[in-house]
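A.B. asks: coords below, sequence missing:
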């Protein structure tokens, strides 16, 4: 784990704090906002399963394959969602940003874009990543639009990639940003964040 470790990332609106069990009550409340666990094409834990999900992510972190964050809205001081660095490959300086969800009331507020800018900056500028991946369900159009809006490019679709809890099969869209693209993507995201702030 020498290549990557738990850190706190923040700007003036949002903080990505190392995930802890103390975030459970905020995250239970966040999941109830919009009943996000009912979205069949994504995997948001039910409120009563939140503690187990936090523990699962922390176990993966202990194993070295994930760094888990609580998304803290600085205005309220509350955790409004979760995100991670996952599928960490230090030998090849690659990772995936994923397992992300936010309470419905902050969706469309620009908060997610701010989080992605913080995560990407740390990945490329501090960790010297050569590529950062994003994966989502083929039918998760909201997520695909958001990923494409970051400047990530579609690498391909892994068909019948995952068996979901309801028995359906997930076709996974795999996107990436590579290091040579990062300066342009960073400029784009900084502009988008600033533009949303003024709106």
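C.D. replies: Sure thing, it's come through. These numbers come from a predicted model, not from an experiment.
A.B. asks: With adjacent residues omitted, what lies nearest to residue 178?
C.D. replies: Among residues not flanking residue 178 along the chain, residue 131 sits closest, at 4.9 Å (Cβ to Cβ, 6 or more residues apart in numbering). Heads up, the C-betas are built off the backbone N, CA and C, glycines and all.
A.B. asks: repeat for residue 21
C.D. replies: residue 54 (5.6 Å).
A.B. asks: Kindly state the pLDDT recorded for the spatially closest residue to residue 8 that is not a sequence neighbour?
C.D. replies: Using Cβ to Cβ, 6+ apart and skipping the chain neighbours, the partner closest in space to residue 8 is residue 17 (5.4 Å). pLDDT, residue 17: 98.
A.B. asks: who touches the strand or helix carrying residue 17?
C.D. replies: Using DSSP states H and E, residue 17 sits within strand 14-18. With contact meaning Cβ atoms under 8 Å, 6 or more residues apart in numbering, strand 14-18 is reached by 6-10, 23, 67-74, 79, 83, 111, 114-115, 118-119.
A.B. asks: Can you list the strands that that strand pairs with?
C.D. replies: When sheet partners are counted by DSSP bridges, strand 14-18 sits next to strand 9-10 (antiparallel), strand 66-73 (antiparallel).
A.B. asks: returning to what we had before: who's in contact with the residue nearest to residue 178?
C.D. replies: 93, 94, 176, 177, 178, 179.
A.B. asks: same thing but at 7 Å, please
C.D. replies: Contact partners of residue 131, counting by Cβ atoms under 7 Å, 6 or more residues apart in numbering, are 94, 176, 178, 179.
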